[in-house]
Every structure is written in C-alpha cells, then in structure tokens.
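Engineer: Kindly return the folded structure for what I paste below:
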Amino acid sequence: MSTSDSDTESLDGLAEVGWEEWENDEEENDATKSLFSNTVLPSPEAAFKYDATHHSFDLRQYKIEKRLDDYDVIKVINYIRHEVAQGRDPVPALVAAAIGGSSSSGTAAPWSNDNFLTPVLENDPLLTYDYDEQQGPSSAGPSEDDTAAAMAALAAARVAVTAGPSSSSSCCSSHQVTQLVLQMQALLAENHELKLRVAALMDAALPPDVQEEMLSEAIVVPTRQPAAGGGAAAAGHPVDELASSSSSNQQVAADATEHASNSVSNVRMQHLAAAGAGGASATARHVDTLYFDSYSSFDIHHEMLSDKPRTQAYQQALTQNPSLLSGATVLDVGCGTGILSLFAATGGAAAVVGLDGNERIAGFAREVIAANGLDAASGGPVIIVSGKVEEVQDIGHKQVSVIVSEWMGYALLFESMLDSVLAARDRWLAPGGAVLPDKAAIHVAGADSRALGTAFWQNVYGFSMHPIANEVASLASRESKVLVRPVEQEALNTDTVQVHSMDLVSMTQYQQDFTAQFELTFNSSRSSSNACTSDVAALVLWFDVEFSERFCKECPVTLSTSPLSEVTHWAQAVLPLPQAVRLQHHGDKLACRLSMARSRSKHRTLDMSLEYGVSSSSSSGDAQAAPKQMAVYTMDVSGGDG
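Structural biologist: Have a look, this model is predicted:
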C-alpha cells in the first residue's frame, strides 16, 4: 500500500465543551463550507476533496488549468457561491470558460466583474487559503487550440440561449444554428476517433507509472445535474432567459452544452474521468489488471480458503438453508476457485453460475467443478463464466433468485468490489431475490499503542526492546498509514461504536460512502491493567456481515472480524493517530468524525479522513477539551495503505 496525502492538521482554537460546540465554533477554526452545498467541512483541504468527490469540481486544479491569479481565484469562489445561492448551476459557465482558454479569446470570464471581489460568505477560509504554497509545480493548462468541436458546441449553446423567436437582435438564424450543430457533430466524430487512437497508443507505448503521472495533471469537469433549486445556466445565462427561448433552441443548448462539457476534457482528462467512474480508461484498466491479477495466484486463494470463520460462515449459509437454496438459481459473483458455487450446488441449487473477472482462475474453477462432477457436462448444475459483471453479456439466465459473493475488503469497503455485486443485483436479481450476505456494518474502538504492533518489542526473549517499540509507534503515527493487522483485544481501551451499516438488498452504490460523528468512551475494564489512565494511539476498524433470518430462516449466520472474535485474514484496519491522546478518567470521551469514500479520481481506492478530540472532566467537575486533530488515510490497489 502506498502513502498518499497523509498531511495532518491541528484545528486550532477549538477549546470548547463537547462535540456540539466543536461543531458550531466555526469562527475559531478552519471550518469551510462546500462551494456547492450547505455541507461544512473541517478545513479547506477537506472542502476541496468533498467538492471533487461529490460535485466533480476541484478549485485547486481549476486554478492550475486556467492559470488564475489570486484575484481571479477570489472572484471564482464568490461567483460560484453567488450562483448557487441564486439557485443556478455555475458549472456550465466554468466549462465554457475552460473551453475559451485565455482572456485573449475575447470572451469575458463569468467571474470577471469586480463585484465578485466582495465576499459572499463572511470569513470564508477559501478566500485566504494559500493556493500557491499547496499546489506545488504548476501543471500545464489546456492547449490554445483546444478541440474545434468544443468551440462549435459552445457557439451553438450560446446561439441557443441568446436567440429566440421574439428576439429583435437575433445573432443568427435557425438554419445557421443547424449548420453549426452539423459541423459540431462531424468534428466530434472525427475527434472521437483521434482520441481513441491516442488512447490506444498510450496503452501500448507508455508504462503505467508514466500514464499515472500524466493523468494526475488533468482536471475533470464532467456534465453535472443542475444545482439544488432547479437552477440551470449555460455560459452564465440564468434559467429565466433559457425559458424564453424556443423549445428547439433549448434542445440545441442542452445537447451542445453536454458536448462542450465532454469536449473540455482532452484525452488525459477523459481517461481520468472514466477511471473515477470505474470505466475502461488506461488507468482504470491498469488498476483492474493489478486487482484481478492479484487473485490469479493460488497463494491468496489458499489464504482465503484457510480462513475458517470466513469459509465456514458461507458454507453454513449455503448448505443449511434449504428453504432458500433448494431449486434456486444462484449467481456467485467473483467465484475464484469456485468454493461458494460448490456450496450452493451442495445446498440444493438447481442452477449455479460462477462469474470471475480473472480468466486464469475462472479456467481452474471450471476444472474444479468438473473434478467434483458438478459441471453441466456431468449433469451438474454449475457453469463458470469469465468476465466482469459490468462487461459480460450473457450468464445463461435472464434472472437469478440468489446472488452470493465474498466481496468484503479491508475495512469492509476497500477494493470497491461491492460496486460489482450491486451492479449484478440490478442486472439479474429477480424481484424478491436474496443477496448473501444481506447486511454489513463497520465498527470502531480506540486502542493503545499495542494496536500498532509494539507488544512484540516489549519482551524479546526476556529482554526489553522498548526503544524499537517506541519508534514503531512513532513511525506509524507520523506516516498516518493504515495498518492491516490482528489487534489483541487487550489493546482496546474504549467502548465500541457502530459507525455505518448497509442493507445490500436495497442500498445504492453511493451509500457505501459515509461520514459518521460519534464518541468513544474510555473503558478501563477492557485493559488488562485496569488503569485509570490510558493513551489512545489508534482507532481500530472492523466489520460484521450477516446472512440474516430475512433469507436464511433455518440457519442465520454472522461473520465477524472483531478483535473479540477468531482472527480472519481481514484482521483489523488500524488508523494510527498523528498524536496519541490521553484519557484520564473512566468515562472520558473521544469525539470523532470519520469519513470513508471511494476515490473518484483513482480507481479501487478508499479515502478516509478522521477528526478527533478529547472531552474530559477535571477533578472539580469542569469540562476540559484537548485541541482537535485531523488525519487523512488512503488505501489503494497498488500497495494497499497510505
């Protein structure tokens, strides 16, 4: 796992009582409101990341691409906030400005009015943020001769929104609009072919690390839905002006604006956008290749099959619930060596389809099924299909009654395989069908430094090596790396909190991402020493999945990866705190806000951010509070943790 953005911030001036005052004390910290919604984030960096994830717009990257100076950045911020406050979507105008390139093009930027130097939001941290210090070397902006198709699209959009049947100063006729659209379509088709050729050349000629470096310079401004309130704008025109246009011109504007939004991305930008959506870009394909190749080795399958809590939970669910499995049509997503398909066949399924994205392992799964006499050629119910859920055309059945998958990753959500399970559910699961497991939850507890792996060094053949133990803990804290390791239950020193739950039958893929606000209460009884003081050096994450009574009526099963349960190959995910915090009294609380989200810019990557601070009581009963801290963690397929 590779280290990513692991900078930590101390949110100064947050002396307050409890979580509520921390939440509301925005004047004394860097709490930053999203540019596009009312969501308040703990810092400008968190706001940038939130807007990039949820609204597909990164102000820092836009500044680089447009080569904006400090005054322009201030204007852009206030322009966006002004448009959103008016119920209009500012992105089409931002896209148009990106297409227009430099100011020498003769078209004024939508934020050019000096009125946008006046703050829309009082004490807006985005206005005082040091962009030059944070961005590093400037990335090259778009070329001056950006695609003619994008310019034609923008021209058509502008014609459509400025010219209507009642306009006395119509700038061109409907015939001219039609000609512009026809030219645009022809140029777009030509450009698309060129982009495909360039993409193929990149795949063939450039090493993956070079492709990653190129893609990291791109800005992605995809087509977005109108902002809250139903606002819609093109090139800065409000929705009421659009309403006065003819219906045909409105359609031209909509189509042209969509083309403009898509054309603003050059080949590298389109690749990055596709990677964020799990598409077939060079980066996403490379990451998928790494991901599926990691499962081509028998070692990892040996590890998973040897994990008795994991494998036996599936075995019980699939073989001891005849009311569900008898006569069922089962789809095994990510079948690997075929063990779950074998369980399903043993449990009475009439037909079983094992689907795997690794062609090599799928081939061995076929041989395994045949070796056990359960393949179709032997009269058995099992077939194996090689391919990805999102790409395979036919699985031999229009619908299935049960979908089973062992999709869980470290910290539950790493690797984003759940996306494929949900896609399979939406494509093939019959109404009322079952998903196994059908429920999942993430739990968190605080732990001392033993969770970081220091216990071994405390007593090595009778000798103390605590200097090494101290360095192990210090290194983990400095790097803010996610550690995947089994944690001794004695290391836990707070109560446990469930921070997220999912119903796999009804959830959408977007409900994987979450932010949880919670408190962890010091629990000295969990510590073997029963001490009255303990340092929380890390948060420990684990998950449970359920094969609940909803579907498994005869034999419901829970698979837990808790430190209190038998160790699994998932172990636990440990988030080292940049600075350990001391809990001095039984009942002291650690106030936290944890966010976990699939990266929109890096395929199969999980981003996490954590804010924390201690609420304690003095001997006099007065409430005390420690400064708040923040850490950012990333887990990616190229190496795992960051």
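Engineer: could you dump the host helix or strand of Q316 to PDB, C-alpha only?
Structural biologist: In this assignment (DSSP states H and E), Q316 forms part of helix 308-319. This file holds the C-alpha atoms of helix 308-319, laid out as PDB (Å, rounded to 0.1, in the frame of the first residue of the first chain):
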ATOM      1  CA  LYS A 308     -12.200 -20.900   8.700                       C
ATOM      2  CA  PRO A 309     -14.500 -18.200  10.100                       C
ATOM      3  CA  ARG A 310     -15.000 -16.800   6.600                       C
ATOM      4  CA  THR A 311     -15.400 -20.000   4.700                       C
ATOM      5  CA  GLN A 312     -17.500 -21.900   7.200                       C
ATOM      6  CA  ALA A 313     -19.900 -18.900   7.500                       C
ATOM      7  CA  TYR A 314     -20.600 -19.200   3.800                       C
ATOM      8  CA  GLN A 315     -20.800 -23.000   4.000                       C
ATOM      9  CA  GLN A 316     -23.400 -22.800   6.700                       C
ATOM     10  CA  ALA A 317     -25.400 -20.200   4.900                       C
ATOM     11  CA  LEU A 318     -25.400 -22.000   1.600                       C
ATOM     12  CA  THR A 319     -25.900 -25.600   2.800                       C
END
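Engineer: which residues sit against the very next helix or strand once past it?
Structural biologist: Downstream of helix 308-319, the first helix or strand assigned by DSSP H and E is helix 322-325. Contacts of helix 322-325 from elsewhere in the structure, counted by Cβ atoms under 8 Å, 6 or more residues apart in numbering, are 318-319, 344, 347-349, 402, 434, 551-554. In this view, the C-beta of every residue, glycine as well, is placed from N, C-alpha and C.
Engineer: What is the nearest of those residues to D72?
Structural biologist: In terms of Cβ to Cβ, no member of those lies closer to D72 than A434, at 55.2 Å.
Engineer: for the closest one, helix, strand, or coil?
Structural biologist: Using DSSP: H, G, I helix; E, B strand; the rest coil, the three-state assignment for A434 comes out as strand.
Engineer: wouldn't it be in contact with V400 here?
Structural biologist: No - between A434 and V400 there is no contact, the gap being 9.6 Å when judged by Cβ atoms under 8 Å.
Engineer: Spell out which residues are contacts of both of those two.
Structural biologist: In the contact map built from Cβ under 8 Å, 6+ apart, no residue is linked to both A434 and V400.
Engineer: which ones among the contacts of helix 322-325 are found in strands?
Structural biologist: In strands, judged by DSSP state E, the following of the contacts of helix 322-325 are found: 402, 434.
Engineer: from the contacts of helix 322-325, which would you call buried?
Structural biologist: The neighbour-count test (16 or more other Cβ atoms under 10 Å) applied to the contacts of helix 322-325 identifies 318-319, 344, 347-349, 402, 434, 551-552 as buried.
Engineer: could the contacts of helix 322-325 be laid out in a markdown table, adding pLDDT?
Structural biologist: Shown next, in a markdown table, are these (pLDDT from 0 to 100):
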| residue | pLDDT |
| --- | --- |
| L318 | 98 |
| T319 | 98 |
| A344 | 97 |
| G347 | 97 |
| G348 | 97 |
| A349 | 98 |
| V402 | 98 |
| A434 | 98 |
| F551 | 98 |
| C552 | 98 |
| K553 | 97 |
| E554 | 98 |
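Engineer: can you give me the strands in the stretch 251-400 of the chain?
Structural biologist: If you assign secondary structure with DSSP state E, counting those that start in this stretch, the strands in the stretch 251-400 of the chain sit at 329-333, 351-356, 382-386, 400-405.
Engineer: And the ones you listed: which comes nearest L610?
Structural biologist: Of those, nearest to L610 by Cβ to Cβ is strand 400-405, at 28.8 Å.
Engineer: After that closest one, which helix or strand is next?
Structural biologist: Moving toward the C-terminus from strand 400-405, the first helix or strand encountered (DSSP H and E) is helix 417-428.
Engineer: Output the contacting helices and strands for that next one.
Structural biologist: Contacts of helix 417-428 with other secondary structure elements, assessed using 3 or more Cβ pairs under 8 Å, 6 or more residues apart in numbering; DSSP states H and E, are made with strand 329-333, strand 400-405.
Engineer: Let me have those strands in JSON lines, extended by distance to G357.
Structural biologist: As requested, the helices and strands packed on helix 417-428 are exported to JSON lines (distance: least, Cβ to Cβ, whole Å):
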{"stretch": "strand 329-333", "distance to G357": "10"}
{"stretch": "strand 400-405", "distance to G357": "12"}
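Engineer: hey, which of these is tucked in deepest?
Structural biologist: Per-stretch averages of neighbours, counted by mean count of other Cβ atoms under 10 Å, single out strand 329-333 among the helices and strands packed on helix 417-428, with a mean of 29.
Engineer: Can you list the strands that it pairs with?
Structural biologist: strand 351-356 (parallel), strand 400-405 (parallel) (DSSP bridges).
Engineer: Format those strands as CSV; extra columns: distance to T118.
Structural biologist: Putting these into CSV (distance: least, Cβ to Cβ, whole Å) gives the following:
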stretch, distance to T118
strand 351-356, 57
strand 400-405, 54
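Engineer: Figure out which of the ones you listed is closest to H302.
Structural biologist: Go through the strands paired with strand 329-333 one by one with Cβ to Cβ and the one that ends up closest to H302 is strand 351-356, at 16.6 Å.
Engineer: what comes into contact with that closest one?
Structural biologist: 328-336, 338, 340-341, 344-345, 362, 365, 369, 381-387, 389, 392, 395-397, 400, 424.
Engineer: what about 6 Å?
Structural biologist: Counting by Cβ atoms under 6 Å, 6 or more residues apart in numbering, strand 351-356 makes contact with 329-335, 338, 341, 344-345, 362, 365, 381-385, 395, all of which sit outside it.
Engineer: could you say what helices and strands the helix or strand harbouring A47 packs with?
Structural biologist: Counting by DSSP H and E, the element that carries A47 is helix 44-55. In terms of contacts (3 or more Cβ pairs under 6 Å, 6 or more residues apart in numbering; DSSP states H and E), helix 44-55 is not packed against any helix or strand.
Engineer: Show me what counts as buried in that helix.
Structural biologist: Using 16+ other Cβ under 10 Å as the burial criterion, the residues of helix 44-55 that qualify are 44-55.
Engineer: Stretch 420-434 too?
Structural biologist: By neighbour count, with 16+ other Cβ under 10 Å as the criterion, the buried positions of stretch 420-434 are 420-425, 427-429, 433-434.
Engineer: Just send those back as TSV, with distance to L413 too.
Structural biologist: As requested, these are arranged in TSV below (distance: Cβ to Cβ, whole Å):
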residue	distance to L413
S420	13
V421	12
L422	12
A423	16
A424	17
R425	17
R427	21
W428	23
L429	21
G433	23
A434	22
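Engineer: Of the residues you listed, just say which sits nearest to M507.
Structural biologist: Of all the buried residues of stretch 420-434, M507 sits closest to L422, with 7.2 Å by Cβ to Cβ.
Engineer: before we move on, back to that, could you identify the helix or strand that succeeds the helix holding A47?
Structural biologist: helix 59-66.
Engineer: immediately after that following helix, which helix or strand?
Structural biologist: The element immediately downstream of helix 59-66 (helix or strand, assigned by DSSP H and E) is helix 70-85.
Engineer: buried residues in that next one?
Structural biologist: When burial is assessed from 16+ other Cβ under 10 Å, helix 70-85 yields the following buried residues: 72-84.
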